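In: for reference, the sequence and a predicted model appear below.
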Amino acid sequence: MQVSLVCCQSAGAEAQIVNKEKVSSLLRQVEEGSAKLLDVRTPEEFNRGAIPGALNLDIRSEEFSEQLEHLDKDKPVILYCQSGFRSNKAAGILLSLGFTQVLDYKGGYSDWYR
């Protein structure tokens, strides 16, 4: 079952809430470079374990928005954190910066390894 809800909006753009099944199906695109998987947790959390292929960009870092500028705004970006709060906040930031395909994995890392 694919979840297809909206988590947040910015200037008419919406982020899509996705589940573990959808994230799993997108990992091939991440491997091929046609999508990005962003772990928005702290480096310490990331170093304790992450979803394969994820890039760690800490949402609490002062450079977070600047680091996002290096990503392709037209490619899918899948966001996750530990459980969903920080990824939801990150989704709003990406949308405000003009990213067009933002997906928020609500279960986050806690759900991934259950």
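Out: Here it is on my side, so go on.
In: Leu95 touches Glu14, doesn't it?
Out: Yes - look at Leu95 against Glu14 with Cβ atoms under 8 Å: they come within range, at 7.5 Å. (Each C-beta comes from the backbone N, C-alpha and C, glycine too.)
In: buried stuff in stretch 55-74?
Out: Within stretch 55-74, the residues scored as buried using 16 or more other Cβ atoms under 10 Å are Asn56, Leu57, Asp58, Ile59, Leu68, Leu71.
In: three-state assignment of the residue most central in space within the chain?
Out: Geometric centre of the chain, nearest residue: Leu79, 0.8 Å, by Cα atoms, centre = their mean. Counting by DSSP: H, G, I helix; E, B strand; the rest coil, the backbone at Leu79 sits in strand.
In: contact partners for Ala90?
Out: Leu38, Val40, Ile59, Phe64, Leu79, Cys81, Asp104 (Cβ atoms under 8 Å, 6 or more residues apart in numbering).
In: for those, which one is nearest Asn88?
Out: Asn88 lies nearest to Asp104 out of those, by Cβ to Cβ, at 5.8 Å.
In: sorry, back to before: helices - which of the buried residues of stretch 55-74 land there?
Out: Residues from these lying in helices, with DSSP state H as the criterion: Leu68.
In: include distance to Lys89 when you put the buried residues of stretch 55-74 into JSON lines, please.
Out: Converted to JSON lines, the buried residues of stretch 55-74 look like this (distance: Cβ to Cβ, whole Å):
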{"residue": "Asn56", "distance to Lys89": "16"}
{"residue": "Leu57", "distance to Lys89": "13"}
{"residue": "Asp58", "distance to Lys89": "12"}
{"residue": "Ile59", "distance to Lys89": "6"}
{"residue": "Leu68", "distance to Lys89": "13"}
{"residue": "Leu71", "distance to Lys89": "17"}
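In: any regions of this protein where pLDDT drops low?
Out: 1-12 (pLDDT under 70).
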